[in-house]
Structure formats: C-alpha cells, structure tokens
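[1] The following comprises the amino acid sequence and a computationally predicted model.
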Amino acid sequence: LKVLNFDFIGTNSDGTGDMQTIQIPSTWLPLFKEKTTLIVFFTAYKQVITLLGVCGDMAKGGEFQREATTSLNCLIQCASVRKALFTEEPDQAEYVNNLLLGIQTIIQEGIGLSDPKNHLDLCRLISRLNANFNISSASTTWIPIFVDFTMKSITAWRFSPNSVYYLLLVWNRMVTSASYIKDTGSFIDQFVSRIIEVYTLSCLEIANEQALKNDFDKDAEESSGDDFDNPLDNEDDIIQKVDPFPMGRHSYPKVFQFLVGQFDPILLEFKTNPENKPALAKMTWLVWIVAALVGGRMGTPSAEYDQIDAELVVRVFQIQNIVDARLQAGGEAEDPSRRAKGWRRIEFALIYFFTQLKRMYSGGNDQSSETSHFYKILSNSLGYHNNILVMNAVVMKLVANLKNWYSVKKIISKTVQFLNQLIIGYSSTKVLQKLMLSKQLLVHHHNPVAFPFLKEPKNQSSRTHFYETLAKLVFIDIFSNNNPGETSNNAITWEQFMEPFARDFMTLLSVNSVDQIQSKQFQHMFICLM
C-alpha cells in the first residue's frame with residue numbers, strides 16, 4: 001500500500017491527502033497488465049474476510065479487519081493509476097474489466113459487506129474506477145448488478161450513509177458522459193429516474209425520523225448525537241447530499257411526476273398544520289431538492305424542462321408564503337431565537353433555493369425568450385410574469401428575514417450575504433435598478449426601527465456588510481443616471497440615503513445628560529452609527 005501511495009512526481013509535498021490519480025512509471029506497465037496482480041488483492045481480501053468470520057479472538061479479529069481494509073485500499077490505488085499508462089486500448093479495457101469482475105464477485109457474494117467500513121471502501125473503489133476510466137460503457141452484466149447494489153445501499157442508508165455519496169457520484173458522472181458515449185443513453189434513461197425516486201424517499205425517511213426525535217428542535221451541539229446526525233444542521237453536509245439530484249434532469253418528466261406525487265400531499269399537510277414537525281422537515285428537504293434540480297439547468301434551454309422548473313418553483317413560493325404567514329402570526333413580541341429550530345432550517349433552505357433561482361433565471365431583460373415558458377407558468381400561478389417581479393419577491397423575502405429573524409445571527413448573516421450577491425454582476429444590477437419598492441424600502445428605512453438586527457451587537461459583521469450593500473446600490477443608481485445634474489422620480493440620491501443617519505446624529509447631539517448617554521436607546525443608536 002505504501003508503494004502505491006508513493007508520490008512519483010512530487011505533487012503532494014506534505015505527504016498527506018488522497019491522490020485521485022497515481023502517476024505509475026511506464027516501466028511498471030507489464031506488472032499491471034498481468035491479471036494476477038489484481039487477483040492477489042481480491043484473493044487476499046476474500047481470505048481475510050473468511051478468517052474474520054471464523055475467528056473468535058477479538059484482537060485477531062481487529063487485525064484481520066485492518067488487513068481487509070488494506071486490501072481494499074490497495075485496489076482503490078490500482079483503480080487510480082493514470083489512464084495514459086495503457087498505450088493500447090485493449091490493454092486498458094482488459095484491466096478495467098478485471099477490476100469490475102472482482103468487484104462484481106464481492107457484490108454478488110456479499111463478501112465482507114456486512115461491515116460498514118468494507119462497504120464504504122468498496123463504494124470508494126467503484127467511484128475511483130469510474131472517475132479514472134469511466135465505466136459507463138461497461139459490460140451489460142455489470143450494470144444491472146451495480147443498479148441493484150445502488151438501490152439496496154440507498155434503501156439501507158442507516159447502515160453506511162457515507163457510501164451513498166460515492167455511488168451517486170458514479171451515477172452523476174455516468175449521466176454527464178451519456179451524451180458523449182454511444183449506446184449509454186438507453187440504460188441511463190432506464191435506471192436514473194428509479195435511483196432518484198429511491199434516493200428522494202430515503203431523504204424523506206431521514207426527515208421523518210429526525211422530526212420524531214426529542215432533540216429535533218435543538219441545535220446540532222445540543223442534540224444527543226445518537227444514531228444519525230441531522231444533515232439539515234450542516235449546510236455543507238446537506239449540499240453534498242442534494243448535489244446528485246441534477247442528474248434527475250436526464251429523465252426530468254419522470255422525476256417531476258414522482259416529485260409532484262410526493263410534494264403535493266406534504267404541502268397540503270404543511271399548509272393545514274404548519275406546526276406538524278414531520279411535514280416541516282420533509283418540506284425543508286424538498287426545498288433543498290428543488291433548489292438542486294433548478295440549479296442543475298445547463299446546456300440548450302428546453303421549453304418542457306423550463307415549464308417543469310416553473311411548476312416546482314411555484315410550489316416553493318407557496319411554501320415561502322406559509323412560512324412567512326407563520327412568522328407574522330407570531331407577532332413582534334416573539335423572540336426569534338426562541339423559535340423552533342425547524343423554522344430556521346427551512347429558512348436556510350429557502351435562501352439556498354433563491355440563490356439557485358437567481359443564478360438560473362435572472363437575466364438582464366424583462367423576459368428572456370429562452371425562459372418565456374418559465375415565466376408564463378409563474379404568471380398564471382403567482383402573477384410574476386418576468387424576472388423583475390420574481391427578484392422583487394426574493395428581495396422582499398430577504399427584507400422579511402432581516403425583520404423577523406433579527407436575533408438569529410446565522411440567518412441574518414446568510415441573508416445579508418445573498419443580498420450582497422444580488423449587487424454583483426451586470427445582469428443582477430440591471431434587475432435591481434428596477435426594483436423600486438424594495439429598493440426604496442431598503443435605502444430610505446435602514447434604521448433599527450425598521451431593521452432590529454442592526455442594534456444587536458452579535459450582528460456587527462452583518463451590519464457592516466448590509467451598509468456596504470446599500471451603498472453599492474445607491475452608487476449604482478446615481479452613476480447610472482444619464483444626466484447627473486437631474487434626478488428622476490425613481491432615482492435615489494445620496495442625500496436621501498444619508499437622511500436616516502442625519503436624523504440619528506441630530507438625536508445624539510441633543511442629548512445633554514449622563515443618564516441619557518447611559519440609556520440603552522442611546523447605546524443602540526450609537527452602535528448602529530458606528
């Protein structure tokens with residue numbers, strides 16, 4: 001294993017990290033062309049697992065398990081050899097086929113797969129082999145076996161949850177390469193929608209299980225940590241889990257019909273009783289899933305696929321309306337930091353969704369011809385007939401977050417970050433210039449009365465970024481005016497932007513006693529001006 005891990009070209013100077021490609025010297029080619037080289041590692045793994053099964057000594061059992069792990073890691077490194085090592089196509093094909101035959105035997109006989117570590121390493125081996133050699137065009141006997149293995153692994157997600165990531169990574173690459181490799185599209189169409197369906201159901205099962213736990217409404221650091229951590233508490237984790245969903249666009253109509261069948265009953269249940277924890281958790285997962293699917297829009301626009309995107313987007317906006325109605329029902333007296341954590345999770349999901357929506361459907365024109373089918377459905381369902389109205393609704397949601405979640409630092413930070421992203425880029429800037437309602441609200445009422453988060457000391461960094469964003473918005477509006485000496489009715493002037501600051505400065509200057517200076521009102525006002 002140390003030999004195979006050796007950095008032959010010196011790119012991994014510190015000796016750490018997992019090298020995706022092993023730069024084996026060309027003089028080693030005869031060794032890798034020998035079929036017995038791979039047989040040695042597969043046989044060693046099988047024999048060690050056999051010994052592990054009959055061993056009653058825990059110490060020896062641990063040693064055998066380490067040997068099994070070493071054998072699989074050697075095979076992972078063998079799957080990582082550089083593709084250019086094989087100068088002849090038949091040699092490369094035979095090498096890959098020998099690896100697949102060994103993997104196929106392990107899967108069919110279930111050799112050592114009752115151990116989560118072995119299962120994970122086998123999935124890593126398949127993923128690495130596909131990354132280096134692309135097994136999309138593998139034998140017809142291998143594909144059904146791999147499909148069945150994938151389905152069973154996804155269904156048994158509690159057993160080895162990290163394994164699923166590597167399996168879906170393989171399928172994602174297969175879908176990506178389907179348009180470039182002949183004769184692969186048919187089996188991709190046949191299996192990918194089924195895999196997405198099974199994976200979606202497993203995600204909803206995770207949501208339901210987590211919602212029924214006693215610590216569902218606790219922060220990640222407060223929860224018991226038993227069995228399975230809630231992925232919704234870690235943004236990197238949840239993004240990694242929904243990252244494979246864009247491959248569902250390969251069979252989008254089938255995937256859409258399935259999603260709607262899951263989505264609508266849960267949405268009705270959520271609408272009827274927003275306090276239903278399982279429904280809230282499932283809705284949160286579905287928002288993440290839709291965001292991933294919409295964010296996967298690539299290549300030549302398709303009227304059918306844009307319509308499907310629109311149908312899913314409409315449903316997420318309906319969820320947003322329910323969430324906002326629930327927050328408004330709580331009233332201003334409700335402390336945001338005391339709200340159930342499930343509501344925070346769905347807010348993070350909505351922000352991620354809006355990020356993907358803005359990236360895919362926010363051009364500089366009022367209605368791009370490529371997305372007209374998208375906006376037609378949004379117009380019929382929500383009254384949003386162009387991207388100006390869509391982005392106005394998004395900005396108003398961000399404004400609502402700044403008002404309703406003023407004491408929750410992470411939501412405020414994510415909201416301000418996304419608001420700042422809207423200012424970046426020519427297309428986004430052109431859109432924002434036309435959002436008069438939200439723009440006037442932000443620029444003319446940027447004070448602690450309208451935005452209570454500004455007076456929270458823990459939001460100091462977000463406060464700075466918030467004013468930075470507003471300043472950019474004002475300067476964009478000023479410098480985009482063709483006649484600097486004139487001011488249009490809709491244009492924002494520097495004086496208008498500074499007016500709230502001026503009022504607060506005048507209030508501070510009018511203070512003439514120590515008691516007033518020591519008051520919380522004075523301190524909050526002073527902090528906000530800093």
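    Thanks, I have the structure now.
[2] And stretch 415-427, end to end?
    20 Å (Cα to Cα, to the nearest Å).
[3] gap between it and the chain center?
    Counting by Cα atoms, centre = their mean, to the nearest Å, stretch 415-427 is centred 19 Å from the centre of its parent chain.
[4] Contacts for it, please.
    351, 354-355, 358, 362-364, 391, 395, 398, 401-402, 405, 428-429, 431-432, 462, 465-466, 468-469, 472-473, 476 (Cβ atoms under 8 Å, 6 or more residues apart in numbering). Bear in mind the C-beta positions are built from the backbone N, C-alpha and C, glycine included.
[5] what about the helices in the stretch 1-150 of the chain?
    For the stretch 1-150 of the chain, the helices defined by DSSP state H, counting those that start in this stretch cover 29-33, 35-54, 58-78, 89-109, 116-133, 142-155.
[6] for the stretch 151-300 of the chain, that is, sorry about that
    Under DSSP H, counting those that start in this stretch, the stretch 151-300 of the chain gives helices at 161-177, 185-211, 235-242, 252-272, 277-295.
[7] Quick one: residues contacting Ser160.
    Pro116, His119, Leu120, Cys123, Ser153.
[8] Same list, those, but as CSV with pLDDT and neighbour count please.
    Output for those, formatted as CSV (pLDDT from 0 to 100; neighbours: other Cβ atoms under 10 Å):
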residue, pLDDT, neighbour count
Pro116, 91, 14
His119, 94, 20
Leu120, 94, 20
Cys123, 94, 23
Ser153, 93, 23
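[9] For the nearest residue to Ser337 once chain neighbours are set aside, what are phi and psi?
    Excluding the flanking residues, the one nearest Ser337 by Cβ to Cβ, 6 or more residues apart in numbering is Ser407, at 4.5 Å. Main-chain dihedrals, Ser407, degrees, to the nearest 10: phi -100, psi 10.
[10] In contact with Ser407, which residues?
    Asp335, Pro336, Ser337, Pro452, Phe453, Glu456.
[11] Relative to Pro253, how far out is it?
    Relative to Pro253, Ser407 is positioned 44 Å away (Cβ to Cβ, to the nearest Å).
[12] got it, and Trp288?
    Trp288 is 21 Å from Pro253, by Cβ to Cβ.
[13] do Tyr165 as well
    26 Å.
[14] quick one on the thing from earlier: next step: the contacts of stretch 415-427 restricted to strands.
    Residues of the contacts of stretch 415-427 located in strands (DSSP state E): none.
[15] List buried residues within the residues you listed.
    Buried members of the contacts of stretch 415-427, counted by 16 or more other Cβ atoms under 10 Å: 351, 354-355, 358, 362-363, 391, 395, 398, 401-402, 405, 428-429, 431-432, 462, 465-466, 469, 472-473.
[16] Report the contact partners of the residue nearest to Thr176 when sequence neighbours are not counted.
    Nearest non-adjacent residue to Thr176, counting by Cβ to Cβ, 6+ apart: Met247, 7.6 Å away. Contacts were defined as Cβ under 8 Å, 6+ apart; by that measure Met247 touches Leu168, Trp171, Asn172, Val175, Thr176, Val192, Ile196, Gly296.
[17] between those residues, which has the most around it?
    Ile196 (27 neighbours; other Cβ atoms under 10 Å).
[18] Measure how buried the nearest residue to that one once chain neighbours are set aside is and give me the count.
    Closest residue to Ile196 apart from its sequence neighbours, by Cβ to Cβ, 6+ apart: Gly248 at 4.3 Å. If you count neighbours by other Cβ under 10 Å, Gly248 ends up with 25.
[19] residues contacting Gly248?
    Gly248 sits in contact with Val192, Ser193, Ile196, Val255, Leu293, Gly296, where contact means Cβ under 8 Å, 6+ apart.
[20] ok, it to Met391 distance?
    Distance from Gly248 to Met391, counting by Cβ to Cβ: 26 Å.
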